[in-house]
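1. Test case, fold it:
(chains A and B)
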Amino acid sequence: MVNESLLILILVVATALAFDFTNGFHDTGNAMATSIATGALGPKTAVTLSAVLNLVGAFLSTAVAATIAKGLVDAELVSLEIVFAGLVGGITWNLLTWLLGIPSSSSHALIGGVIGAMLAAVGSSGVEWKGVVSNVVLPAVLSPVIAGLVAGIGTWSVYRSTRGVSAERTDRGFRIGQIGSASLVSLAHGTNDAQKTMGIIFLALISYGSVGADETLPPVWVIASCAAAIALGTYLGGWRIIRTLGKGLVEIRSPQGMAAESSSAAIILLASHFGFSLSTTHVATGSILGSGLGKPGGEVRWRVALRMATAWVVTLPAAALVGAVAYGVTAGVGGLAGVLVVFVAMIAVAVLIWLRSRADVVSHDNVNDEWDGHVSTRRPATAGAPS
Amino acid sequence: MDGWLNVGALVKVLVFGIVAGAGLPALFAMGVRAQAVGAGTIGGQHLAGDRRPALTAVGYLCFALVGAAVVVGVLFVARDFIGHHTGWYLLGAEEK
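-> Next comes the predicted model:
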């Protein structure tokens, strides 16, 4: 007889790696969108650099918390099925927002999924609502504002200092500067986000019993596979999201790009130092918005910003809903069969979303096309073959 | 940590965020400007006789400072890793 709980463990690990992968391509834009938009780096070069730095960053994590969503749900009540359903919620929401080209927070999607699964499993008592508000909701509201303010001040002083200097000279200088600032954001991302998935797999291994609860470091294969998954996702490049962030929100130039990325890097590193958990996506988006406001005569497309803000508000409840349904089905069918049914359903949804995305492909070829209000460039095929 | 929000830490993030996140690009911009003036290409025509090597050097100094800040940033990200593998605990890293 095949060991049923071992098979469940394998499915949970596979789902966690799948989430890590979506986390990678969903967040490529946070570090690289502005560098790609300003031509500081070629699209392919940018995603390759970001992927390598995410890989390195993932290996830099040494202490991985063995709890997922610590302080948000009752850790004693977390089961493998809840973690699994939460991951399914996170993946589904990440794929949907990717299809729409909306940079929403991967961490929020995961947290939402786990909270939803917990609500379905235990009810409201399993969720620590105060922790949710002070560790998730408040930082989400404040971090884009702070990042935007810092990037705005940075952009303003950059333009102030370089008045009279030829555009050619400033563009060249700041493109080089951008490479440094974007690299730092990528590295920080790898360190933070790959660690979340490592924590989940670690937790699953502990609950299965193959790793002792007193271990502080996950096995090397966990670190390596999480690092590979997030790097592969990053390399694939979430071009739809990169396009929205780099072209849609603000018409960005390299001095703004460098100011935005410096602000993101500084806020992300400072926040982790002072113990705030925040979303790279919220910080990066706030920074880019601020760089549009800080530039004399710069413009921000508020319609695009509003669309994003709406998606941010919806992320937690929507992922929670998917997580709750996923848990309902998993527990309703029960055992290995339940996990298997949800796993197959998730793959079906992923394939559907991917097929839908083929209708209007955004790739490294057209990611920088003129923004006409849409993520997709919707060129009729008869308009001439791309060179 | 009874409050909903650690306001003190938030203010620190904001203040240091402005110093590092806005100050460094501003310093970089000064470097770009110093080099432009140093090469005699500010505000219009390029005049070969207007070269000022001292300002060019100031420009490089600005870039070097920004570069050093990025190195500190990388070390900050990697501080636990470095501490764990070498025993040197930098930038507030703690032995675990």
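2. where does chain B have low pLDDT?
-> B:1-2, B:42-49, B:91-96 (pLDDT under 70).
3. how about the helices in the stretch 51-200 of chain A?
-> Using DSSP state H, counting those that start in this stretch, the helices of the stretch 51-200 of chain A run over residues A:80-99, A:106-121, A:129-132, A:138-161, A:167-208.
4. In a markdown table: those, plus distance to chain B and mean pLDDT.
-> All C-beta atoms are positioned from the backbone trio N, CA, C, and that covers glycine. Converted to a markdown table, these look like this (distance: least, C-beta to the nearest C-beta, whole Å; pLDDT from 0 to 100):
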| stretch | distance to chain B | mean pLDDT |
| --- | --- | --- |
| helix A:80-99 | 24 | 92 |
| helix A:106-121 | 17 | 92 |
| helix A:129-132 | 7 | 86 |
| helix A:138-161 | 4 | 92 |
| helix A:167-208 | 4 | 85 |
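5. Is it possible to get TSV of the ones you listed that adds distance to A:R356 and mean neighbour count?
-> Putting the helices of the stretch 51-200 of chain A into TSV (distance: least, C-beta to C-beta, whole Å; neighbours: other C-beta atoms under 10 Å in any protein chain shown) gives the following:
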stretch	distance to A:R356	mean neighbour count
helix A:80-99	6	27
helix A:106-121	19	28
helix A:129-132	32	14
helix A:138-161	28	24
helix A:167-208	26	23
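6. And the ones you listed: which comes nearest A:I242?
-> Ranking those by their distance to A:I242 (criterion: C-beta to C-beta) puts helix A:80-99 first, at 10.6 Å.
7. Three-state assignment for the closest residue to A:L138 other than its chain neighbours, please.
-> Setting aside the residues directly before and after it, A:L138 is nearest to B:L5 in space (C-beta to C-beta, 6 or more residues apart in numbering or on different chains), at 5.4 Å. Three-state assignment for B:L5 (DSSP: H, G, I helix; E, B strand; the rest coil): coil.
8. phi, psi of B:L5?
-> With angles defined as degrees, to the nearest 10, B:L5 shows backbone torsions of phi -150, psi 140.
9. what about it, distance to A:L49?
-> The spacing between B:L5 and A:L49, counted by C-beta to C-beta, to the nearest Å, is 36 Å.
10. ok, those two, which is more surrounded?
-> Neighbours per residue (other C-beta atoms under 10 Å in any protein chain shown) separate B:L5 from A:L49, with A:L49 holding more: 20 against 15.
11. which of the residues in the helix or strand containing the more buried one are buried?
-> According to DSSP states H and E, A:L49 maps onto helix A:43-60. The neighbour-count criterion (16 or more other C-beta atoms under 10 Å in any protein chain shown) identifies A:43, A:46-60 as the buried residues of helix A:43-60.
12. now, which of the residues you listed sits nearest chain B?
-> Proximity of the buried residues of helix A:43-60 to chain B was ranked by C-beta to the nearest C-beta; the top entry is A:L60 with 4.4 Å.
13. wouldn't that closest one be in contact with B:R79 here?
-> No. Between A:L60 and B:R79 there is no contact under C-beta atoms under 8 Å: 9.1 Å.
14. what touches both of these two?
-> Taking C-beta atoms under 8 Å, 6 or more residues apart in numbering or on different chains as the contact rule, A:L60 and B:R79 touch no residue in common.
15. So which of the buried residues of helix A:43-60 would count as near chain B as well?
-> A:G57, A:F59, A:L60 (C-beta under 8 Å from any C-beta of the partner chain).
16. Please give me every residue in contact with the last one.
-> For A:L60, the contacting residues are A:L187, A:G190, A:T191, B:V77, B:A78, B:D80, B:F81, taking C-beta under 8 Å, 6+ apart as the criterion.
17. and those as a markdown table, adding distance to B:C62?
-> Compiled in a markdown table, the contacts of A:L60 are given as follows (distance: C-beta to C-beta, whole Å):
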| residue | distance to B:C62 |
| --- | --- |
| A:L187 | 23 |
| A:G190 | 29 |
| A:T191 | 28 |
| B:V77 | 23 |
| B:A78 | 25 |
| B:D80 | 31 |
| B:F81 | 30 |
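18. Check those residues against A:R307 and report the nearest one.
-> A:G190 (28.0 Å).
19. For that closest one, which non-adjacent residue is spatially closest?
-> Distances taken as C-beta to C-beta, 6+ apart place A:G57 nearest to A:G190, at 2.2 Å, with adjacent residues excluded.
20. buried sites along the longest helix along chain B?
-> Of all the segments of type helix in chain B, defined by DSSP state H, the longest one is helix B:53-77. Residues of helix B:53-77 classed as buried: B:55-56, B:58-59, B:62-63, B:66, B:69-70, B:73-74, B:76-77 (neighbour count, 16+ other C-beta under 10 Å).
21. Give me the contact list for the one helix or strand A:R243 maps to.
-> Element membership for A:R243, per DSSP H and E: helix A:239-243. The contact list for helix A:239-243, computed with C-beta under 8 Å, 6+ apart, reads A:25-26, A:28-29, A:32-33, A:36, A:43, A:97-103, A:357, A:362-364, A:367-368, A:375-376.
22. List only buried entries from those.
-> Members of the contacts of helix A:239-243 that pass the buried threshold by neighbour count (16+ other C-beta under 10 Å) are listed as A:25-26, A:28-29, A:32-33, A:36, A:43, A:97-99, A:101-103, A:357, A:362, A:364, A:367-368, A:375-376.
23. A:W302: how many residues sit nearby?
-> If you count neighbours by other C-beta under 10 Å, A:W302 ends up with 12.
24. Kindly report the same for A:P296.
-> 9.
25. From what I see, it and A:Y159 are in contact.
-> Yes. A:P296 is in contact with A:Y159 according to C-beta under 8 Å; the separation is 5.8 Å.
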